[in-house]
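Q: Just to be clear, the model below is a prediction. Sequence and coordinates:
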Amino acid sequence: MSDNQPTPDGVLRLINGYWATGVVGAAAAHRLFTHLEDGADTAGHLAERAEISERGAQTLLDGLVGIGLVELAGGRYRNTPEASAYLVEGKPASLSSFARLKLKHMGALVTLPDVVRAGGPITDPATEVADNPHWEEIVPAIAAQSVPAAEVAAEVLSLAGAGAISILDVGGGSGIYSALWLTANPAARSTQLDWEPINQIARRLLHERGVADRFTCIDGDFHTTDFGSARYDVALYSHIAHQEGPEGNVEVFTRLRQALKPGGALVVCDYVVDDDRSGPAFPLIFAAEMLLKSKQGGTWRRADYRDWLTKAGFEEVSFHLAPPATLVVAR
Ligand SMILES: C[S@@+](CC[C@H](N)C(=O)[O-])C[C@H]1O[C@@H](n2cnc3c(N)ncnc32)[C@H](O)[C@@H]1O
């Protein structure tokens, strides 16, 4: 075979990609990364700590070595630096609960061929049902992923030194942005609009971070709840635009423009694709998640955001990378 001939390796790795989701999700479910971090370094020790079979522990360790999350040296296993930073429970950037959640989501993918034929969900769309347990599961699991974006946004808006500003977080979820921004700026106040059970989750986080006294919640649907007029210095719409269609986004952006004080800034955080749809890879692939879970959502182009924000009355639009997300800042 000549060097230029393709091999099936890459395609086989993709076809079997669910093995990786399964191995990482099961290892997270049994807290293997946390036990490895705490010094359990053989299949026997891990089996004992995690109260699982030794055969199961050895199989997960083999799989984790295979996918590059665990290293083996002299018969002892340990987390790679990546697994140590992102899969050990209790660390600020831990994706451990997200790994467990994605394993649960995997089954829904068998409907994707039918969803593609139909052009949208063939059961109730997860993103559009009020008080859907989907959100209660997903919101704490994705909080860690918003940390880098919240930090980039704080930098872009110079939030720490902005004084007594008021912030509106539409669909704030875990409340992670408010938690970080109110910590960075001790004079700021924040209001989160989300479903009632989700706001309870956010209140707990803000309380844990010691900033709950400057945090208010509005329970309700952001499609129908009044945002008020000239009330906020900063408005935030993070990982919501992808669940909405163009009309929905223009409608919310228009009401957010009205809710902002003159000179106020709207921050949209989302997986944004290039105008020619050639990249980046993560937002392109994430569109399948929205086809599966929303009637009109998708991953939108920079040009779409520019167009919708202009229609909504914003005059300046800038883009700031917070990979795999992009921040769109509009004034
Ligand atoms: C993907 S999460 C994003 C959470 C947070 N903004 C972040 O970036 O980490 C979407 C959030 O929007 C909320 N949400 C979705 N549709 C909503 C609606 N119609 N009204 C109020 N909240 C909604 C969900 O409850 C959830 O908290």
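A: Thanks, I have the structure now.

Q: So which bits of the protein are right by the ligand?
A: 135, 139, 142, 146, 171-174, 176, 194-195, 198, 221-223, 238-240 (CB under 6 Å from any ligand atom). Glycine gets a C-beta too; all of them are placed from N, C-alpha and C.

Q: could you redo the last one with a cut-off of 5 Å?
A: Taking CB under 5 Å from any ligand atom as the contact definition, the chain meets the ligand at Trp135, Val139, Ser146, Gly171, Gly173, Asp194, Trp195, Ile198, Asp221, Phe222, Ser238, His239.

Q: Break down the chain into its strands, ranges please.
A: With strands called from DSSP state E, the chain shows them at 70-73, 76-79, 166-170, 189-194, 215-219, 232-238, 260-270, 317-322, 325-330.

Q: Correct me if wrong: Ser166 contacts Asn185.
A: No - counting by CB atoms under 8 Å, Ser166 does not reach Asn185; the two are 11.0 Å apart.

Q: Looking at the two now, which is surrounded by more residues?
A: More crowded of Ser166 and Asn185, by other CB atoms under 10 Å: Asn185, with 23 against 17.

Q: which residues touch the longest helix seen in the chain?
A: Counting by DSSP state H, the longest helix found in the chain is helix 133-156. The contact list for helix 133-156, computed with CB atoms under 8 Å, 6 or more residues apart in numbering, reads 92-95, 97-98, 100-101, 104, 126-127, 159-160, 173-174, 176-177, 180-181, 184, 195, 197-198, 201, 205, 236, 238-239, 267, 269, 320-323, 325, 327, 329.

Q: Can you list which of these are found in helices?
A: Counting by DSSP H, the contacts of helix 133-156 contribute 97-98, 100-101, 104, 176-177, 180-181, 184, 197-198, 201, 205 to helices.

Q: Return the closest of those residues with respect to Gly313.
A: Tyr177 (23.4 Å; CB to CB).

Q: Spatially nearest residue to the closest one (excluding sequence neighbours)?
A: Closest residue to Tyr177 apart from its sequence neighbours, by CB to CB, 6 or more residues apart in numbering: Ala150 at 4.8 Å.

Q: Would you state the predicted confidence (pLDDT) at the one you found?
A: At Ala150, the model reports a pLDDT of 97.

Q: So what's the residue count around it?
A: Going by other CB under 10 Å, the residues that sit close to Ala150 add up to 24.

Q: what's the answer for the one 3 residues further on, then?
A: When neighbours are counted by other CB under 10 Å, Ala153 registers 25.

Q: Kindly report the same for Thr225.
A: Count around Thr225 with other CB under 10 Å applied: 13.

Q: Also Leu205?
A: With other CB under 10 Å as criterion, Leu205 counts 20.

Q: on that earlier part again, in a markdown table, list the strands of the chain along with mean pLDDT.
A: As requested, the strands of the chain are exported to a markdown table (pLDDT from 0 to 100):
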| stretch | mean pLDDT |
| --- | --- |
| strand 70-73 | 98 |
| strand 76-79 | 98 |
| strand 166-170 | 98 |
| strand 189-194 | 98 |
| strand 215-219 | 98 |
| strand 232-238 | 98 |
| strand 260-270 | 98 |
| strand 317-322 | 98 |
| strand 325-330 | 98 |
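
Q: Distance to Arg306 for these - can I get that in a markdown table?
A: Output for the strands of the chain, formatted as a markdown table (distance: least, CB to CB, whole Å):
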| stretch | distance to Arg306 |
| --- | --- |
| strand 70-73 | 44 |
| strand 76-79 | 42 |
| strand 166-170 | 20 |
| strand 189-194 | 25 |
| strand 215-219 | 29 |
| strand 232-238 | 15 |
| strand 260-270 | 11 |
| strand 317-322 | 5 |
| strand 325-330 | 8 |
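
Q: Which among these is found nearest to Pro246?
A: With CB to CB as the criterion, Pro246 lies closest to strand 260-270 of the strands of the chain, at 13.5 Å.

Q: Centre of the chain to the closest one, how far?
A: The chain centre lies 20 Å from the centre of strand 260-270; the measure is CA atoms, centre = their mean, to the nearest Å.
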